[in-house]
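Asker: Give me the fold of what follows.
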Amino acid sequence: GAYDPLYPNGIVTVAGKKEIFGLRFLAADRDDHHLICERKLDFKSIRIRPNEIDRNMDFSWQVGGKTLHLSWCRAADDAVFGQLEFDEGLEVVAELYLPWESRLEEWEWVNFTRQGERVFAGELISPLCSYENNAILFSVDRAPDGALGYNRRTAQYKDFEQTGTLRNITSGDIWSDMGLSWYLGAHYKKGFSFVLKNGKSKDFFAELEKDENFLDGLFDTGRKILPHRPQGLTGTGMLAPIGEAFSSLLAYNTMYKPHTGRRYIMVDRTWVRGEDGWGVQYNWDTFLSSWSSSWTDPELAKENMLSGYDAQLPDGKIPLITGPGRNHAAEPPISAGRCQHIVQGLTLWNTYLHTGDKEWAKICYEGAKKHNAWWFADRGDGQKRRDALDIGLLGFGYDPEEEVGILGAKRQPYVAKAQYAYFETYDDSPQWTNGVFFNTVRGMDNVTEDDVTDEAKYIARYHMADIYTLERCCLYAVNCECLAKMAAVLGYPDDEAEFLEKYRRMAERINEKMWCEEDGCYYNLKFDGTLSKKQAPDCFMPFMTGLVPEDRKKRLLAILTDENKFWGEYMIPSIAKDDPAFPNQKYWRGQIWPPQVLWTYLGLKRIGEAKLAWEFAVKAGRMLQREWSERGYTPENYNGYTGRCSGAEHYNWGVLMGLPLLEELVSFREDKVIFGNPLAEDGTELRNIPVDGKRYDMKIENGVVSVYCDGSCVAKGRGTAEIARL
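Answerer: Here you go, the predicted model:
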């Protein structure tokens with residue numbers, strides 16, 4: 001995979017913790033030879049095509065308006081075949097390197113060498129391994145225009161940009177020309193094909209002694225496989241681009257952590273904070289990505305979720321953010337004082353329904369159970385972590401001592417603590433802040449709690465903002481319900497009963513304390529006992545619990561479907577259209593966010609509003625369809641006025657905009673999968689749906705749903721059709 005976050009235009013081969021090598025393609029315009037590498041790459045120009053994780057990759061990018069196209073596939077268990085094509089006027093340096101080089105242990109190093117006219121090698125060396133060195137071979141179908149091993153990478157590039165050639169620029173003294181190279185570049189002015197193969201140095205040596213072109217058979221194999229790679233999830237109409245986005249974007253953002261040996265789905269490659277190894281991992285983004293990727297790659301979905309629990313701290317908290325921590329950023333490498341949205345039970349249950357893997361689910365369940373307990377746990381002085389007033393509801397906060405230390409917390413400005421607390425939820429949402437701290441906290445060292453006039457303010461002694469939120473409470477209730485279902489499947493009846501009781505109690509408190517009879521709406525509850533009458537999609541989250549009284553549903557739906565507030569072509573804005581913050585269209589102040597779209601859809605589905613749920617799902621899917629079809633984007637968020645991308649372009653949860661439509665058409669249950677929807681149009685098709693190790697296709701004609709597997713019809717029915725699970 002392209003596991004190096006700064007280099008989607010490359011491949012990292014991983015055969016084990018000590019068998020990691022990289023190949024990256026650095027392009028330049030032939031007129032100035034300026035190599036585009038690291039952050040100079042125009043990520044907005046990237047177009048990703050359907051691919052299968054760890055089996056193939058197909059995408060393009062641009063340099064100076066000219067296009068490069070990289071595609072590769074597995075030619076063997078330990079080898080890949082690839083092709084790089086690019087427009088006239090471009091040139092490329094294919095560079096062999098060692099990803100995460102700083103992780104080399106004492107007495108380890110790497111050496112890249114040229115073994116023949118078309119063959120290059122990389123070898124990990126240590127006097128402790130008895131010549132069982134791990135190595136990689138890079139074989140090309142034609143000799144490069146120039147090739148060179150080097151150590152001073154920056155100086156080498158500068159010389160290339162001046163001369164247009166790869167030449168030896170070392171000083172020529174005995175210490176500089178002994179032959180050890182930490183990088184190797186091969187210069188090409190035209191496209192080429194290549195093979196990468198992992199193995200042992202001694203085995204490669206034996207083969208090369210016989211024939212330096214011994215990898216040529218893999219070129220023939222690769223050329224046969226490459227045109228016939230799987231298409232991924234696809235279908236008709238808007239399902240085609242939605243399926244393509246699911247099958248492309250999640251693979252594109254998949255990273256590898258060398259210290260855990262696991263892959264995870266990064267938020268967006270552009271969010272790498274320096275050359276810090278494997279980028280950065282966020283909490284709810286990661287877990288939501290498992291649900292999404294279960295639609296295309298159930299194995300990646302499981303591995304990704306385990307990566308989420310790899311970050312769990314001993315007290316049960318899953319930090320908002322974790323990173324390698326070697327780039328010395330102003331934020332700590334682990335947000336040990338902040339958690340994030342409670343989606344672990346919800347995503348575990350839905351990912352389990354796709355995978356059916358109980359052994360994997362047991363591991364995740366234990367992590368989710370510990371995380372569930374953290375929110376109401378005693379912090380050590382009798383106060384519950386995120387329930388300062390001990391009323392059975394939840395809010396958000398920040399524990400500064402756990403992130404910046406006791407002395408650091410003493411000196412950390414109040415405004416920084418407040419903004420860190422807001423980061424535990426929807427950052428700058430007008431539901432609690434005017435957003436001033438979100439821009440910068442510089443020059444505000446003297447601001448105190450008494451100076452703040454926000455809707456809710458951070459209370460230092462509580463380590464919480466003085467507000468209980470619908471988002472936190474409703475997600476906790478849903479989390480408990482899903483964990484109860486999971487406990488039943490895993491054979492834990494006591495846990496099931498306990499989680500069901502927690503679920504019911506939380507739903508009761510929401511109904512009792514957070515409902516406004518006058519407005520016919522649920523609101524956040526302030527610590528002073530008053531309701532914060534800011535209307536946001538969170539107002540409809542109680543629908544997700546399934547325990548909203550019947551007499552309240554109609555009133556709440558009237559607010560949701562009011563086009564002056566939330567309903568319309570582009571949904572759902574993060575604050576009501578008639579709120580003064582909506583015109584800001586900045587972050588959570590009016591923009592449309594895929595997770596809130598998902599919450600709203602799940603709520604409509606839960607209360608049985610089939611037509612509204614379908615309409616809502618289609619509208620959300622149409623927004624993703626347009627962005628993907630026209631620009632290859634899966635936006636982090638959307639402008640509430642135009643419905644266009646206004647955040648990161650290749651964000652992992654961007655595909656959530658298409659998830660409701662997929663859920664409308666294919667419903668996974670423990671014992672069966674239900675295909676189709678009576679509201680779907682004739683001619684609707686969805687193909688390559690993974691179920692229990694097989695791939696299924698669905699087609700709707702004349703109201704009849706037909707399900708196919710391996711070309712044979714296996715189920716048929718009017719409106720819907722079912723297949724039994726294994």
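Asker: and stretch 579-586, what's its mean pLDDT?
Answerer: Stretch 579-586 comes out with an average pLDDT of 96.
Asker: Same check on stretch 486-499?
Answerer: Mean pLDDT, computed over stretch 486-499, is 98.
Asker: then that stretch to PDB, C-alphas only?
Answerer: As requested, C-alpha coordinates have been extracted for stretch 486-499 and formatted as PDB (Å, rounded to 0.1, in the frame of the first residue of the first chain):
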ATOM      1  CA  MET A 486     -23.000  -7.400  21.500                       C
ATOM      2  CA  ALA A 487     -23.000  -8.900  24.900                       C
ATOM      3  CA  ALA A 488     -26.000 -11.100  24.000                       C
ATOM      4  CA  VAL A 489     -24.200 -12.400  20.900                       C
ATOM      5  CA  LEU A 490     -21.000 -13.100  22.900                       C
ATOM      6  CA  GLY A 491     -22.800 -14.900  25.700                       C
ATOM      7  CA  TYR A 492     -22.500 -12.300  28.500                       C
ATOM      8  CA  PRO A 493     -26.100 -12.200  30.000                       C
ATOM      9  CA  ASP A 494     -25.100 -10.100  33.000                       C
ATOM     10  CA  ASP A 495     -23.400  -7.500  30.800                       C
ATOM     11  CA  GLU A 496     -26.400  -7.500  28.600                       C
ATOM     12  CA  ALA A 497     -28.800  -6.700  31.400                       C
ATOM     13  CA  GLU A 498     -26.500  -4.000  32.800                       C
ATOM     14  CA  PHE A 499     -26.100  -2.200  29.500                       C
END
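Asker: just the helices in the stretch 301-450 of the chain please.
Answerer: Secondary structure of the stretch 301-450 of the chain by DSSP state H, counting those that start in this stretch: the helices cover 344-355, 358-374, 401-411, 414-423, 436-439.
Asker: again, but for the stretch 601-726 of the chain
Answerer: Counting by DSSP H, counting those that start in this stretch, the stretch 601-726 of the chain forms helices over residues 610-631, 659-665, given from the N-terminal end onward.
Asker: residue boundaries of the strands in the stretch 51-200 of the chain?
Answerer: Under the criterion DSSP state E, counting those that start in this stretch, strands of the stretch 51-200 of the chain are mapped to 56-63, 66-76, 79-86, 90-97, 109-114, 119-125, 134-140, 146-150, 183-188, 192-200.
Asker: Doesn't Ser292 belong to a helix?
Answerer: Yes. Remark: Ser292 belongs to a helix, assigned using DSSP: H, G, I helix; E, B strand; the rest coil.
Asker: what sits against it?
Answerer: Shown in contact with Ser292 (Cβ atoms under 8 Å, 6 or more residues apart in numbering): Phe246, Leu250, Ala301, Asn652, Trp653, Val655, Leu656, Leu659. C-beta here means a position set from N, CA and C on the backbone, and glycine is covered the same way.
Asker: same thing but 6 Å
Answerer: Residues touching Ser292, when contacts are defined by Cβ atoms under 6 Å, 6 or more residues apart in numbering, comprise Val655.
Asker: Columns distance to Tyr458, mean neighbour count and mean pLDDT on top of the helices of the stretch 601-726 of the chain, output as TSV?
Answerer: Shown next, in TSV, are the helices of the stretch 601-726 of the chain (distance: least, Cβ to Cβ, whole Å; neighbours: other Cβ atoms under 10 Å; pLDDT from 0 to 100):
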stretch	distance to Tyr458	mean neighbour count	mean pLDDT
helix 610-631	33	20	98
helix 659-665	33	24	98
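Asker: Output these in JSON lines, with distance to Ile363 appended to each entry.
Answerer: Compiled in JSON lines, the helices of the stretch 601-726 of the chain are given as follows (distance: least, Cβ to Cβ, whole Å):
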{"stretch": "helix 610-631", "distance to Ile363": "32"}
{"stretch": "helix 659-665", "distance to Ile363": "24"}
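Asker: Between those, which one is closest to Thr545.
Answerer: helix 610-631 (16.1 Å; Cβ to Cβ).
Asker: ranking the helices of the stretch 301-450 of the chain by mean pLDDT, which is last?
Answerer: Among the helices of the stretch 301-450 of the chain, helix 436-439 carries the lowest mean pLDDT, a mean of 85.
Asker: any residues touching that helix, and which ones?
Answerer: Applying Cβ under 6 Å, 6+ apart, the external contacts of helix 436-439 come out as Val415, Ala418, Gln419, Asp428.
Asker: give me that answer again for 7 Å
Answerer: Helix 436-439 has contacts (Cβ atoms under 7 Å, 6 or more residues apart in numbering) with Val415, Ala418, Gln419, Asp427, Asp428, Tyr587.
Asker: The last one: what's it in contact with?
Answerer: Pointing back at Tyr587 there. Listed by Cβ under 7 Å, 6+ apart, the contact partners of Tyr587 are Asp427, Asp428, Phe438.
Asker: now the fourth one
Answerer: Applying Cβ under 7 Å, 6+ apart, one finds that Asp427 lies in contact with Phe438, Tyr587, Trp588.
Asker: Name the next helix or strand downstream of the lowest-mean-pLDDT helix or strand in the chain, please.
Answerer: Considering only helices and strands, the least confidently modelled element of the chain by mean pLDDT, DSSP states H and E is helix 436-439, at a mean of 85. Under the assignment DSSP states H and E, the closest C-terminal helix or strand after helix 436-439 is strand 458-459.
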